[in-house]
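J.: Pasting the sequence and the predicted model now:
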Amino acid sequence: MKKILLLLFVLASTYSIAQDSRIPLDTTIVTTNTVTIKGKEVPYTATTGMQPVYDDNGKTVASLYYTYYKRSDVKENSKRPLIMSFNGGPGSASVWMHIAYTGPQILKIDAEGNPTQPYGIKDNPYSVLDVADIVFINPVNTGYSRPVLAKGEKVDKKYFFGVNADAKYLAGWLTTFMTRNNRWLSPKYIIGESYGGTRVMQLANELQSNQWMYLNGVIMVSPADYKIIRSGASEDLAMNLPYFTATAWYHKMLPADLQEKDLEEILPAAELFSYNELLPAISKGGNISDTERNDVAEKMARFTGIKKRVLLQQNLEMKPSFFWKELLRDTSGKTLGRLDSRYLGIDREEIGTRPDYSPELTAWLHAFTPAMNYYTQNVLNFKTDVKYNMFGPVGSWDFENENARENLRKAMAQNPYLHLLVQSGYYDGATTYSVAKYTMGKIDPSGKLKNRMSFKGYRSGHMMYLRNEDLEKSNEDLRIFIKKSSENIGPAKY
């Protein structure tokens, strides 16, 4: 398709970006294009470039790389939703959802998400650009985004690289974006994947409380909840079991009576077992009776495909990393992927308690890195020699005073318009779908907000949209969620 360079605007500056002046601080490049979505042609503009981050005194402290897609045959912004999109890490660029999920162009992969050659991009026939405009934002040190430093100045890590600092500066950046692009009247949504789930929970309250920006929706894709993830708490150990069940089912390692059923038929029983039996058993520790321990181990073996003896040797406390190594140890000897356990790996040795590497991540970087570098330079026309950071240096992330769940609850309680959608893949072993469901209950312990909260599960992993069937389904779920929370919704009151 034909791309036309419309505008290149650069503001000169005496600052450098992390001792590198090859990217201007404030630049806008606009191209035009069309994409066919659900059989209909959608024209759009793609605005990409750098927008500054200002501190409380108006000083430029960073510049963020972004790409903003706007449907060009819709002139009225007040009824046109806007999605603000982040990935996670922390330290990950917005590349993943940008060129694989909601954007108008996606990378070339096979129907299950595996890399293919030649690399490249293609139209996304399921993009939500037909119903909403989208801006993809790269936090500091991801993509082309960098801190701005005067000569001899060092990066103030506390300003950028922590759960609260991150939300604060990004909220300010989004306020500037809204004003520059005349989007204050639009229904507004934020979407975040993985750590991005924590990020958007934080942002919902930060935007509302300190920028006076009220949202219609928060979308959490494979969210990481740091109140539980890798905490070693009983909940962390127990709530992963339904993921074990899903993965064992996929690899045909469950007992015959379970294996012959559809996946979504057996998951409710696994979820009930994890809440009602496994969690209490693990919580008792050494105080559990031998009878209960053996009974729970028997059921756990049935739901996981792992031998009862092996589970007892671990005191019922099986970590996902061990499961990835153990499930196929005595059959193919292959290991499972962490972020998507459909992927298989080959370790040096079959013994051990965790895989040597993550086969899914190496496959994804194989496909995404060339596609994104090609796309930014040759389609979006953003020319630079600076490296695009798929993952950037963010140091030791500061989780002090992390209260993301409560911040989202407060935002939802104070804003009757605000809805929540959680999307998870059943085969994601890093941020499991069952923990995501658990998190939803903890966000709203009273149950009074649950009519504005919804969950969607998919037969894939962390990036469920890499599987073509789920790319279509997950985008359609977004489309339905956006329409439900932005059209004919009446006044904001209880």
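T.: Now that the structure is in, tell me what you want to look at.
J.: for the chain, what helix or strand is lowest in average pLDDT?
T.: strand 7-11 (a mean of 39; mean pLDDT, DSSP states H and E).
J.: all strands for the stretch 251-400 of the chain, in order.
T.: Ranges of strands within the stretch 251-400 of the chain are 335-336, 344-345, based on DSSP state E, counting those that start in this stretch.
J.: Show me what the first one is packed against.
T.: Using 3 or more C-beta pairs under 8 Å, 6 or more residues apart in numbering; DSSP states H and E as the contact definition, the elements that strand 335-336 packs against are helix 320-326, strand 344-345. C-beta coordinates here come from the backbone N, C-alpha and C atoms, glycine included.
J.: mean confidence score for that strand?
T.: Across strand 335-336, the average pLDDT comes to 97.
J.: residues in contact with that strand?
T.: The set of residues external to strand 335-336 that reach it, using C-beta atoms under 8 Å, 6 or more residues apart in numbering, is 247, 251, 323-325, 327-328, 343-347, 355-356, 359, 429.
J.: what's the answer for stretch 298-309, then?
T.: 241, 244-245, 248, 251, 253-255, 258, 269-270, 273, 277-278, 297, 311, 316, 318, 323, 326-327.
J.: hmm, which of the residues you listed are the buried ones?
T.: 241, 244-245, 248, 251, 253-254, 258, 269-270, 273, 277-278, 297, 311, 316, 318, 323, 326-327 (16 or more other C-beta atoms under 10 Å).
J.: Residues touching the strand or helix carrying Ile482, excluding its own?
T.: Taking DSSP states H and E as the definition, Ile482 sits inside helix 468-486. Residues outside helix 468-486 that contact it (C-beta under 8 Å, 6+ apart): 79, 81, 83, 100-102, 106, 111-112, 124, 126-128, 130-132, 187, 189, 216-217, 219, 417, 419, 421, 423, 425, 454, 456, 458-460, 464-465.
J.: Stretch 279-297 now?
T.: Here stretch 279-297 has contacts from 234-235, 237-239, 277-278, 308, 311-312, 315-317, using C-beta under 8 Å, 6+ apart.
J.: next one: that stretch to chain centre, how far?
T.: 35 Å (C-alpha atoms, centre = their mean, to the nearest Å).
J.: Please apply the same query to stretch 256-276.
T.: That offset, for stretch 256-276, works out to 26 Å (C-alpha atoms, centre = their mean).
J.: what residues does it touch?
T.: 238-242, 244-246, 249-250, 252, 254, 299-300, 302-303, 426, 434, 437, 457, 459.
J.: for Ala62, helix, strand, or coil?
T.: strand (DSSP: H, G, I helix; E, B strand; the rest coil).
J.: no no, Ser454
T.: Criterion first, three-state DSSP; result for Ser454: strand.
J.: And for Tyr427?
T.: coil.
J.: Endpoints of stretch 232-247, how far apart?
T.: 21 Å (C-alpha to C-alpha, to the nearest Å).
J.: isn't Ser358 right next to Gly345, touching?
T.: Yes - counting by C-beta atoms under 8 Å, Ser358 does reach Gly345; the two are 7.5 Å apart.
J.: Give me the common contacts of the two.
T.: If you check Ser358 and Gly345 against C-beta under 8 Å, 6+ apart, the residues they both contact are Gly337.
J.: Give me whichever of the helices and strands packed on strand 335-336 is most buried.
T.: For the helices and strands packed on strand 335-336, the largest average neighbour count (mean count of other C-beta atoms under 10 Å) is found in helix 320-326, namely a mean of 20.
J.: max-length strand in the protein?
T.: In the chain, assigned by DSSP state E, the strand with the most residues is strand 40-54.
J.: And it, what's buried?
T.: Applying 16+ other C-beta under 10 Å to strand 40-54 flags Val42, Tyr44, Thr45, Ala46, Thr47, Thr48, Gly49, Met50, Gln51, Pro52, Val53 as buried.
J.: List the contacts of the spatially closest residue to the last one that is not a sequence neighbour.
T.: Same thing as Val53. Closest residue in space to Val53, ignoring its immediate chain neighbours: Ala62 at 4.0 Å, by C-beta to C-beta, 6 or more residues apart in numbering. Applying C-beta under 8 Å, 6+ apart, we find Ala62 in contact with Pro52, Val53, Val140, Ser145, Arg146, Pro147, Val148, Phe160, Tyr169.
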